[in-house]
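Novice: what follows is a predicted protein model with its sequence.
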Amino acid sequence: MALTDALPEMQREIRFFPVKNDEPKHLSKAQVEQYNTQGYVCPLHVFTPEEAVANRRYFDEMMEKAKAAGHNSYSINGWHRHCKGIYDLLHDRRILDYVEDLIGPNLVSVMTHYFSKDPGDSKQVSWHQDASYWPLTPSKVVTIWLAIDDVQEQTGPMTVIPGSHLHGQIPFEHSTEEEQNVLGQSVHDPLKWGGEPVPFIMQAGQISMHTDMLLHGSRPNLSDRRRCGLTLRYMPPDVRTREERRANGYICRGEDPEAEAVAEHYEEARQLLPGRLCPLWGLDPVSGSLDADDYEVLTGSPYPEGAFGETIPKHRLFAFPFFGAACGFAPTCFS
């Protein structure tokens with residue numbers, strides 16, 4: 001049976017918010033228009049060939065240690081909070097320049113994930129919308145997909161349905177075991193919602209950008225070459241969540257317009273709801289399977305808070321009804 005809301009207990013605003021930017025600084029006006037009408041921009045050149053080699057080497061070393069510790073090729077999820085190499089990619093100026101043209105000068109991030117398909121990997125990523133999964137509102141997340149390896153047709157490239165982002169939440173079903181879906185939702189009639197599928201054929205070091213409302217997926221990698229990409233997710237600071245592990249995000253650029261209001265009411269809220277406002281630092285970013293000590297084993301790069309030289313405060317996405325109005329959060333508060 002098709003579902004129309006993965007998180008019905010939340011009051012989420014799930015729809016596409018068109019970009020309003022008549023004077024982009026790094027994207028062209030045509031690319032901004034493409035993002036609005038098609039839901040994506042691809043490819044964009046960011047890293048030099050030499051930098052792309054360094055990105056691949058960094059991932060290779062990290063993946064080798066992760067697999068030795070019993071993890072699979074999809075396990076490196078949210079490790080930017082402990083691994084400086086991922087943290088640096090998340091804050092790369094060239095990437096942020098492109099994102100700023102789409103969502104403005106204040107950029108927050110809470111999510112990163114390497115999607116690495118080994119040669120002969122039979123798993124697929126079924127058709128889905130990112131916003132359907134996430135306990136975030138409103139749906140304003142821009143995803144950067146950074147090619148770590150060259151991506152070709154036979155390696156199972158990410159593929160999108162142009163224009164599908166304009167239909168709000170698209171009905172989906174929970175995936176079956178037979179699908180071998182890396183994720184958990186499946187849209188079985190993708191062509192009903194947009195144009196012909198467009199595969200993202202990319203060179204290592206290039207990026208794509210897509211809205212969290214765009215229908216996309218990828219086939220198995222039945223080739224003899226790996227296909228790896230790093231997703232970097234960005235949002236403006238008006239996005240809110242109710243999930244503890246997404247409570248705090250990095251301010252990658254700009255400022256948090258509501259920082260003072262949040263700070264003023266934080267202690268009061270924490271006393272009323274002990275544990276509910278737990279900072280993201282210290283929470284396990286890998287689905288409860290690792291603690292801080294494990295990162296030293298897996299990556300050789302355990303970085304405690306402040307070790308990256310970050311001076312910009314992190315942004316709190318949490319909002320609660322009893323103090324939301326005072327903080328100016330009332331339109332997007334939920335219990």
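Specialist: That came through, no problem.
Novice: identify the residue spatially nearest to P138, adjacent ones excluded.
Specialist: Using C-beta to C-beta, 6 or more residues apart in numbering and skipping the chain neighbours, the partner closest in space to P138 is E13 (4.1 Å). All C-beta atoms are positioned from the backbone trio N, CA, C, and that covers glycine.
Novice: element containing the one you found?
Specialist: In the assignment (DSSP states H and E), E13 maps to no helix and no strand.
Novice: repeat for I86
Specialist: In this assignment (DSSP H and E), I86 forms part of helix 84-90.
Novice: tell me which residues of that helix are tucked away?
Specialist: Residues 84-87, 89-90 are the ones in helix 84-90 that count as buried (16 or more other C-beta atoms under 10 Å).
Novice: from those, which is closest to S208?
Specialist: When the buried residues of helix 84-90 are ranked by distance to S208 (C-beta to C-beta), L89 comes first, at 14.7 Å.
Novice: ok, that closest one - contacts?
Specialist: 55, 80, 95, 112, 146, 230, 232 (C-beta atoms under 8 Å, 6 or more residues apart in numbering).
Novice: could you write me a PyMOL select line covering just the buried ones among these?
Specialist: Command for PyMOL, covering only those of those found buried under the criterion 16+ other C-beta under 10 Å:
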select buried, resi 55+80+95+112+146+230+232
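Novice: that older thread, kindly tell me how buried the residue nearest to P138 is, as a neighbour count.
Specialist: 14 (other C-beta atoms under 10 Å).
Novice: what about it, distance to V239?
Specialist: 10 Å (C-beta to C-beta, to the nearest Å).
Novice: repeat for L89
Specialist: Using C-beta to C-beta, we find L89 at a distance of 21 Å from V239.
Novice: so what touches the strand or helix carrying M62?
Specialist: Assigned by DSSP H and E, M62 belongs to helix 49-68. Helix 49-68 is contacted by residues 47, 73, 75-76, 79, 83, 85, 89, 114, 116, 146-149, 203-205, 228, 230, 297-300 when judged by C-beta under 8 Å, 6+ apart.
Novice: and it, how far out from the chain middle?
Specialist: 20 Å (C-alpha atoms, centre = their mean, to the nearest Å).
Novice: what's the model's confidence in it, averaged?
Specialist: Mean pLDDT, helix 49-68: 91.
Novice: please apply the same query to stretch 207-222.
Specialist: When pLDDT is averaged over stretch 207-222, the result is 96.
Novice: next one: stretch 234-252
Specialist: For stretch 234-252, mean pLDDT rounds to 78.
Novice: nothing else from me, thank you.
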